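K.L.:
Sharing a model that was predicted from the sequence below.
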Amino acid sequence: MQLIACIKQVPDTTQVKIDPVTNTLVREGIPFIMNPYDTHALEEALRFRDRYGFKVTAISMGPPNAEATLRKALALGADRVVLLSDRCFGGADTLATSHVLTAAIRKLNEEDEVALVLCGKQTIDGDTAQVGPGIATRLGCIQLTLVDKILDLDLASRRLRVSRKLEGRHEIVEAPFPAMLTVVRELNRPRYPTVPMRLAAAAAQVEVWTNEILQLDVNEIGLKGSPTWVSKIFSPERDQGEIIGDGLGDPEGTAQLLLDKLIAKDLLAV
Ligand SMILES: Cc1cc2nc3c(=O)[nH]c(=O)nc-3n(C[C@H](O)[C@H](O)[C@@H](O)COP(=O)(O)OP(=O)(O)OC[C@H]3O[C@@H](n4cnc5c(N)ncnc54)[C@H](O)[C@@H]3O)c2cc1C
């Protein structure tokens, strides 16, 4: 049996810029990272593997340079990585993305039964949190979202019990395999890659699957298969900060100035 970790390569958000003319992300010269939530999904898959002997396969749909992120997954311990990359996959919304990922998971399942698909809760660029549930719906399997703890996994009865982190409460849910899990940061602390694993990953061959392998209808993938259009993207304008007082040793006076400003702006109830 194998576990699939779905991994997206995303821009390092602390450095993301938006082109004010085209309203698109400026991608040139921006470092890319593994989506942070996906590091927790991969880590949990590796822990399952270490405990129960599953094989871990990490998959990513993205441009050719997403290979770097999959190498990181190898360095962390994934047994196999598959990059789903083809020009016709480009421009996909969440519907088309989950379609391609599901097709790859089905294909992997033909080789070795997939017990669990692990995704991050959401990405830090698209932020929709729709891809995981999209995969589960297409696979017709159980979906366990916002998982913050694996309480039990029983191979004999093929069931697992998890805790879901909801607003102000936790929910304990039990479900059979196969299932799709989306995970939150509290689930685990991801490991660091060792130097020998990094070296092995750098030399490893990354499998690339194009649509020649998946054989999907081109009208159902990429831009053509994407009913969602992002019409505008922009950075919210922020007010300039303001220095209150002269900083020359009159804390009470400065505090009063600050209070007066807050009251004038109706930000304090008095
Ligand atoms: C700024 C921005 C806004 C966007 N807004 C929308 C929108 O409103 N509607 C829309 O349909 N599309 C939108 N997209 C496109 C969308 O990001 C991608 O189409 C889609 O690839 C993934 O959606 P997501 O990033 O929101 O993923 P989420 O659904 O947030 O991702 C959840 C999890 O699914 C897995 N996953 C997601 N993408 C991949 C992948 N490519 N490979 C492997 N695993 C993956 C990961 O485990 C991830 O943690 C937007 C993209 C950007 C950059």
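P.N.:
Here it is on my side, so go on. Residues are numbered from 1 along each chain as shown.

K.L.:
which bits of the stretch 51-200 of the chain sit near the ligand?
P.N.:
60-62, 92-94, 97, 101, 119-120, 122-123, 125-132 (C-beta under 6 Å from any ligand atom). Every C-beta, even on glycine, is put in place using the N, C-alpha and C of the backbone.

K.L.:
Filter those down to just the ones in strands.
P.N.:
60, 61, 119, 120 (DSSP state E).

K.L.:
Would you reformat the residues you listed as TSV and include neighbour count and pLDDT?
P.N.:
Compiled in TSV, these are given as follows (neighbours: other C-beta atoms under 10 Å; pLDDT from 0 to 100):
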residue	neighbour count	pLDDT
60	25	98
61	27	98
119	30	98
120	27	98
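
K.L.:
out of these, what pair is the most spread apart?
P.N.:
Maximum pairwise distance in those, criterion C-beta to C-beta, is 13.9 Å, between 61 and 120.

K.L.:
list residues touching both of these two?
P.N.:
residue 8 (C-beta atoms under 8 Å, 6 or more residues apart in numbering).

K.L.:
thinking again about what came up before, now list the buried members of the residues of the stretch 51-200 of the chain next to the ligand.
P.N.:
Buried members of these, scored by 16 or more other C-beta atoms under 10 Å, are 60-62, 92-94, 97, 101, 119-120, 122-123, 126, 129-132.

K.L.:
What is the neighbour count of the residue nearest to residue 91 when sequence neighbours are not counted?
P.N.:
Nearest residue to residue 91, sequence neighbours excluded (C-beta to C-beta, 6 or more residues apart in numbering): residue 223, at 3.3 Å. Number of residues near residue 223 (other C-beta atoms under 10 Å) recorded here: 13.

K.L.:
now the one 3 residues further on
P.N.:
Neighbouring residues of residue 226 were enumerated by other C-beta under 10 Å; the total is 18.

K.L.:
How about residue 82?
P.N.:
Count around residue 82 with other C-beta under 10 Å applied: 22.

K.L.:
list the contacts for it?
P.N.:
Counted by C-beta under 8 Å, 6+ apart, residue 82 has contacts 57, 58, 59, 60, 70, 104, 108, 206, 207, 208, 209.

K.L.:
now swap in residue 187 and tell me
P.N.:
So residue 187 contacts 40, 43, 44, 147, 148, 149, 150 (C-beta under 8 Å, 6+ apart).

K.L.:
again with residue 62
P.N.:
By C-beta under 8 Å, 6+ apart, the neighbours of residue 62 are 8, 9, 69, 83, 84, 85.

K.L.:
Can you tell me which of these lies closest to the ligand?
P.N.:
residue 8 (3.6 Å; C-beta to the nearest ligand atom).

K.L.:
Can you read off the pLDDT for that closest one?
P.N.:
We have a pLDDT of 98 for residue 8.

K.L.:
Who are the contact partners of the nearest residue to it once chain neighbours are set aside?
P.N.:
Spatial nearest neighbour of residue 8, excluding adjacent residues (C-beta to C-beta, 6+ apart): residue 35 at 4.6 Å. With contact taken as C-beta under 8 Å, 6+ apart, residue 35 is in contact with 7, 8, 9, 10, 120, 123, 124, 125.
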